[in-house]
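Asker: requesting a structural model of the entry that follows:
(chains A and B)
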Amino acid sequence: MRNTLAIARKELSAYFTTPWAYIVFTMMLGITSFFFVAILQDFSEVQEMVRANGGWAQAERLDPGLADYKNLTDGVVMQLWGVLSVVTLFLAPFLAMRLFAEEKRSRTMELLMTVPVRPVEIVLGKYLGGLGVIGTTLGLTIVFPLTLALFGRAETGSAIEWSTVLLGYGGLLLWGATCMAIGMFLSALTESQMLAAILTFALLLPWMLLRGVARGAEEPLRSILHHLSFDAQLEGLTSGVLDLKALVFFASVILFSLLLTHRAVEAQRWA
Amino acid sequence: MPMIEVQNLTKRYQDRVAVQSLSFSIAEGEILGFLGPNGAGKSTTMRMLTGFLPPSEGTVRVDGFDVFESPMEVKRRIGYLPETPPLYLEMTVRGYLRFVASLKGVPGRQMAAEVDRVAELTDLKPELGRIIQKLSKGYRQRVGMAQALLGSPRVLILDEPTEGLDPSQRKDVRSLIRGLAGQHTVILSTHVLSEVALTCERALILRRGQRVAHDSIQAIAQTHGGPNGSLEEAFIRLTQDDESSPVNAERPSEAA
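Answerer: Take a look at the predicted model:
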């Protein structure tokens, strides 16, 4: 436990003493701001259009899809969480890539493997460090719902429905944790950080898009692919629904990745 | 009981044998010089002793514990300086030493004192606050050395500890290592012969993964060193790549 925490602390300080994490933070905030403004603009356009055309009752009869734009929580924050899950897919590989690849390249793996520390402690320590940095990256985006809560207005109650927002946010964190676990495993397979990032991305993206493939497939493959796709599992979580099946799904992917990482760390000595 | 006991140690890679049927033992408190031309299997052997690399065959026992069966017990007893000092360049010297000390199980209360102690031994005290990235090669080598000394392990395995140092730094490291004799069992590899003559009592010479000599420095020089009895002459004779006279590891007198 002590070793795990020592390694986690070292990982975190490595992220924060090199410019890398700050670049990712900046990209995260930049991209998210861009989408935030765009989504907000859409939202106010719809609101105005509805008001000009005789209110919500009328509008919903014409286009049921408009119901999503009724309040800030569904109309803005949940849309934003959806976008963020894609941004996370693009950024997490760059945060995870150094976890093991850097140790191998700089020959510090030899230190970790010859001090009295078990491989499982190394893997958990590194993963905790990785969780810290992805948590920080995603944590920054909480400013967007905060801004809405401060400046937004609703016809009834508070501008933001926090329980839904935070539930969706929790789903987003779980998704970030999944990306980091997969990224860490691929980082344990190579000395090259760039290769680790590319492999992670090459695994995450098609996995995310599996649902699209599922549509064209026959049953039962169709259902299987649908259930395996990140996209389908994320849908409920990022829209603030407590979906137990999705929780189990992501927890299993994380656990499996950690086990594979452990195998990879043990096995590299045998190469 | 010897501190380190190596039996029939072999490391095979797909296309070559790096270390072949190596057996030797080292008494507690002894300083053993590991000699051999580049590629003779010195680093590979050391990596197997530390448990970093698993052997293809054979056993290694440190203080009675088998490296393969009880790796944690062995790792607790070994301080290891690899060929490339394993440094985190973005850390300060102090931060790095504290990190390694905590992995070696140095208790929190003794941490500062322990870091100070090894920094003192390696003359790093004024550099403790500096980022490792900014240190010269010689200082980095010392940080690697300091790391190996943390926690006062009973066995020190040093892979080319004087590599990259200038003559006066080499002298410091030599006297540091000599000062460790008695309390620590030390294996150090080098291809600088004068180094061995000045620091070690005994030497083991490897050639192509096989032992060609293991004796006191004097005995090696006298037996194989020709009329002058020089260690250099002995080294060259023992490690020469002469296809016509195959080395017989167990009867080194024939190679002379």
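
Asker: where does whichever residue of chain B sits closest to chain A land on pLDDT?
Answerer: For chain B, the residue closest to chain A is residue B:86, as judged by CB to the nearest CB, at 3.6 Å. Using the backbone N, CA and C atoms, a C-beta is placed for each residue, glycine as well. Here the pLDDT value assigned to residue B:86 is 95.

Asker: helix/strand/coil for it?
Answerer: coil (DSSP: H, G, I helix; E, B strand; the rest coil).

Asker: residue contacts, it?
Answerer: A:106-111, B:144, B:147 (CB atoms under 8 Å, 6 or more residues apart in numbering or on different chains).

Asker: if I look at it, how far off is residue B:183?
Answerer: According to CB to CB, to the nearest Å, residue B:86 and residue B:183 sit 24 Å apart.

Asker: now residue B:42
Answerer: 24 Å.

Asker: next one: residue A:120
Answerer: Distance from residue A:120 to residue B:183, by CB to CB: 33 Å.

Asker: tell me which of the two has more neighbours.
Answerer: A count of neighbours by other CB atoms under 10 Å in any protein chain shown puts residue A:120 above the other of residue A:120 and residue B:183, at 16 against 11.

Asker: quick check: the more buried one is in a helix.
Answerer: Yes. Assigned with three-state DSSP, residue A:120 falls within a helix.

Asker: report the contact partners of the residue nearest to it when sequence neighbours are not counted.
Answerer: Leaving aside its chain neighbours, residue A:120 sits nearest to residue A:262 (5.9 Å; criterion: CB to CB, 6 or more residues apart in numbering or on different chains). By CB under 8 Å, 6+ apart, residue A:262 lies in contact with A:119-120, A:123.

Asker: residue A:262 sits in which helix or strand?
Answerer: helix A:244-267 (DSSP states H and E).

Asker: now that helix: mean pLDDT?
Answerer: 94.

Asker: check stretch A:62-74 too.
Answerer: 75.

Asker: lowest-confidence helix or strand of chain A?
Answerer: helix A:55-62 (a mean of 74; mean pLDDT, DSSP states H and E).

Asker: buried residues in that one, which are they?
Answerer: A:56, A:59 (16 or more other CB atoms under 10 Å in any protein chain shown).

Asker: what's the answer for stretch A:24-40, then?
Answerer: Buried residues in stretch A:24-40 (16+ other CB under 10 Å): A:24-25, A:28-29, A:31-32, A:35-36, A:39-40.

Asker: ditto for stretch A:165-181
Answerer: Buried residues in stretch A:165-181 (16+ other CB under 10 Å): A:165, A:167-169, A:171-181.

Asker: for stretch A:115-134, same thing?
Answerer: So, applying 16+ other CB under 10 Å, buried residues of stretch A:115-134: A:115-117, A:119-134.

Asker: what do you get for stretch A:62-77?
Answerer: Those would be A:66, A:69-77, for stretch A:62-77 by 16+ other CB under 10 Å.

Asker: farthest-apart pair in the residues you listed, please.
Answerer: A:66 and A:77 (17.3 Å; CB to CB).

Asker: on that earlier part again, any idea which of the buried residues of stretch A:24-40 is closest to residue B:215?
Answerer: Nearest to residue B:215 among the buried residues of stretch A:24-40, with distances taken as CB to CB, is residue A:24, at 58.3 Å.

Asker: mind listing what the closest one touches?
Answerer: Contacts of residue A:24 (CB under 8 Å, 6+ apart): A:91, A:94-95, A:137.

Asker: one more time with 10 Å
Answerer: When contacts are counted by CB atoms under 10 Å, 6 or more residues apart in numbering or on different chains, residue A:24 touches A:15, A:91-92, A:94-95, A:133-134, A:136-137.

Asker: go on, residue B:8?
Answerer: B:20-23, B:55, B:57-59 are the contacts of residue B:8 under CB under 10 Å, 6+ apart.

Asker: same question, residue B:33
Answerer: Residue B:33 touches B:186-190, B:193, B:195-205, B:217, B:220, B:231, counting by CB under 10 Å, 6+ apart.

Asker: again, only this time at 6 Å
Answerer: The contact partners of residue B:33, by CB atoms under 6 Å, 6 or more residues apart in numbering or on different chains, come to B:196, B:200, B:203.

Asker: please name the nearest non-neighbouring residue to the first one.
Answerer: Leaving aside its sequence neighbours, residue B:196 sits nearest to residue B:33 (CB to CB, 6+ apart; 3.7 Å).

Asker: one more: the second one?
Answerer: The shortest distance from residue B:200 to any residue other than its chain neighbours is 3.7 Å, reached at residue B:33 (CB to CB, 6+ apart).

Asker: a strand runs through that neighbour, doesn't it?
Answerer: Yes. Assessed with three-state DSSP, residue B:33 lies in a strand.

Asker: where does the closest residue to chain B within chain A land in three-state SS?
Answerer: For chain A and chain B, the shortest gap (CB to the nearest CB) falls at residue A:111, measuring 3.6 Å. What three-state DSSP gives for residue A:111 is helix.

Asker: state the distance from it to residue B:90.
Answerer: 15 Å.

Asker: which of those two has more residues huddled nearby?
Answerer: residue A:111 (26 against 16).

Asker: please compute how far stretch B:188-207 lies from its chain's middle.
Answerer: 10 Å (CA atoms, centre = their mean, to the nearest Å).

Asker: strands of chain B, start to end?
Answerer: B:4-12, B:17-26, B:31-35, B:57-62, B:65-66, B:78-81, B:155-159, B:185-189, B:202-207, B:210-216 (DSSP state E).

Asker: to residue A:86, which of those lies closest?
Answerer: So among the strands of chain B, strand B:78-81 is nearest, using CB to CB, at 45.0 Å.

Asker: isn't residue B:186 right up against residue B:31?
Answerer: Yes. Contact status for residue B:186 versus residue B:31: in contact at 4.4 Å, counting by CB atoms under 6 Å.

Asker: how many other residues sit next to residue A:233?
Answerer: Residues near residue A:233, counting by other CB under 10 Å: 26.

Asker: what residues are up against the residue lying closest to it once chain neighbours are set aside?
Answerer: Of all residues not flanking residue A:233 in the chain, residue A:246 sits nearest, at 4.5 Å (CB to CB, 6+ apart). Shown in contact with residue A:246 (CB under 6 Å, 6+ apart): A:233, A:236-237.
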